[in-house]
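[1] predicted coordinates and the sequence they were generated for:
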Amino acid sequence: PRAYANYFYSSDELLNKIWYAGAYTIQLNTIDPKTGRIWEAPPVAWDNSGDVGVGDTILVDGAKRDRTVWPGDLGIEIPAAYAAFNDTESARNALTTVYLHQRDTGELPYAGPMLNKYGSDTYHMWTLATTWDYYLYTGDRGWLGGIWEDYKQGVDFISQKVNDRARSALPRRRQSSRTR
């Protein structure tokens, strides 16, 4: 346990198990980005030679699953990696990877390379939310400045969708006989 940057040991055995299981899960989900899962999966075994992002370390969804960045998972992983290991580099690399795959429309992927999936408003917004988490833990203005235009484009993309849905949900007003 002392290998974890912010380890503790309490008198509550269940709390200890929960915390260390979470920290261990984050440890497993922090990989070299050159060891991601290749998709489509081979007929047998795994091919973990996929390039799933930038840098030397990155947060992915699971050591034995897709082994790619999923922004929805970052909502738990970024605070947990920071709490357990003081690791913000893996978070920065995961977020940078997502922003590098942003479409011209502003849409952000809901699964990074090798899957490259789009179409989830929820995961799109998780990228925006976890960008704040990363900045909160690091104060990294240089990184934020580098993705700021992409961030704003992501906000514009989702705001337009919200506005379009709100307008389509409004009841249409009937014209009175006086205005016809």
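    Looks like it came in fine. Residues are numbered from 1 along each chain as shown.

[2] and the pLDDT at Arg180?
    As summarised for this prediction, Arg180 has a pLDDT of 51.

[3] next: Pro171.
    76.

[4] equivalent analysis for Ala166, please.
    On pLDDT, Ala166 comes in at 76.

[5] for the strand or helix carrying it, name the packing helices and strands.
    Secondary structure from DSSP states H and E places Ala166 in helix 141-169. On a contact count with 3 or more Cβ pairs under 8 Å, 6 or more residues apart in numbering; DSSP states H and E, helix 141-169 meets helix 89-100, helix 121-138. Yep, even glycine has a C-beta here, placed from its N, CA and C like the rest.

[6] show me what the first one packs onto, helices and strands only.
    Helix 89-100 sits against strand 58-59, helix 71-85, helix 121-138, helix 141-169, with contacts defined as 3+ Cβ pairs under 8 Å, 6+ apart.

[7] could those be laid out in JSON lines, adding mean neighbour count?
    As requested, those are exported to JSON lines (neighbours: other Cβ atoms under 10 Å):
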{"stretch": "strand 58-59", "mean neighbour count": "29"}
{"stretch": "helix 71-85", "mean neighbour count": "21"}
{"stretch": "helix 121-138", "mean neighbour count": "18"}
{"stretch": "helix 141-169", "mean neighbour count": "13"}
